[in-house]
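Visitor: structure for the following, please:
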Amino acid sequence: MEFPDLGKHCSEKTCKQLDFLPLKCDACEEVFCKNHITYDQHKCTSSYKKDVQVPVCPLCNTPIPVRKGEMPDIVVGAHMDRDCKYDPTQQKQRIFTNKCLKEGCKRKEMMQLVCNQCHGNFCIKHRHPLDHDCKGGGRSISKAG
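Guide: Next up, the predicted model:
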């Protein structure tokens, strides 16, 4: 052994490989080989310090600002406890609320399709007077057009 101080051992518990070009993790400051340098590969506990993702509240879908060095889970939890504008009554707003008045039809539409003659609300399939057997008072429409 001519150079006993040359190189460093990988800090990963399962590896400990002697590496002559060791890499230092910028989050936890430990030395790793090329196989364990990424945060995921060595399960870095300090990776949140370098992570720049913005977490979003799962209830109100608002981005939550997180300062450097703070744990995102704790900040989002604090937001949910104090500042969250989540209202469970508004969570499930129905889009298709306009029910077709044609007998036997159960379709609902996003917007109202009102007949000009009988003023009833119908689905796309039954929106024309001939399609819903219109009984409204208006000029008669021939089947020929």
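
Visitor: residue 42 against residue 11, yeah?
Guide: Yes - using Cβ atoms under 8 Å, residue 42 is in contact with residue 11, at 7.1 Å. (Glycine included, C-beta is placed from N, CA and C.)

Visitor: okay, and the common contacts of these two?
Guide: Both residue 42 and residue 11 are contacted by 30, 32, 36, under the criterion Cβ atoms under 8 Å, 6 or more residues apart in numbering.

Visitor: okay, those in JSON lines with distance to residue 117 next?
Guide: Shown next, in JSON lines, are the shared contacts of residue 42 and residue 11 (distance: Cβ to Cβ, whole Å):
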{"residue": "30", "distance to residue 117": "79"}
{"residue": "32", "distance to residue 117": "78"}
{"residue": "36", "distance to residue 117": "76"}
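
Visitor: highest neighbour count among the residues you listed?
Guide: residue 32 (24 neighbours; other Cβ atoms under 10 Å).
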